[in-house]
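**Student:** Using only what follows, build the 3D model:
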Amino acid sequence: MASIGKALKAGLRAAMEGPEGHEYQAAGRLVRCAHCENTTFVAREALLNTTGMTLLNLDWANSSGTALVCTRCALIQWFARKPEQV
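**Tutor:** Purely as a prediction, here's the structure:
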């Protein structure tokens, strides 16, 4: 769980630094922020930790996901498959 916390903090830090960001689409639709309807995001890869793997100290074997961090409000949206950059 500590890795998820670190990833979230890194994503928020990057969003607050004001990166330019990019537009992404998932399942053929433009990704929009659910909070502010912005369309620019910064993508971050993060491990999707599970309790069992953490208990066995095998966090490295977990699959990863993509977190898109909104460049306007810093809301994080998670995707199991990496969205396509537009």
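**Student:** Give me the spatial nearest neighbour of the spatially most central residue of the chain, chain neighbours excluded.
**Tutor:** Central residue of the chain (C-alpha atoms, centre = their mean): Ala67, 0.9 Å from the mean position. In space, and not counting its chain neighbours, Ala67 is closest to Arg44: 4.7 Å by C-beta to C-beta, 6 or more residues apart in numbering. For the C-beta atoms, the positions are set from N, CA and C on the backbone; glycine is no exception.
**Student:** okay but the one you found is in contact with Gly65, surely?
**Tutor:** No: the criterion here is C-beta atoms under 8 Å, and Arg44 misses it with Gly65 at 9.6 Å.
**Student:** that older thread, what sits up against the helix or strand harbouring the residue nearest to the centre of the chain?
**Tutor:** Element membership of Ala67, judged by DSSP states H and E, is strand 64-70. With contact meaning C-beta atoms under 8 Å, 6 or more residues apart in numbering, strand 64-70 is reached by 7-8, 11-12, 14-15, 24, 31, 33, 35-36, 38, 40-48, 75-83.
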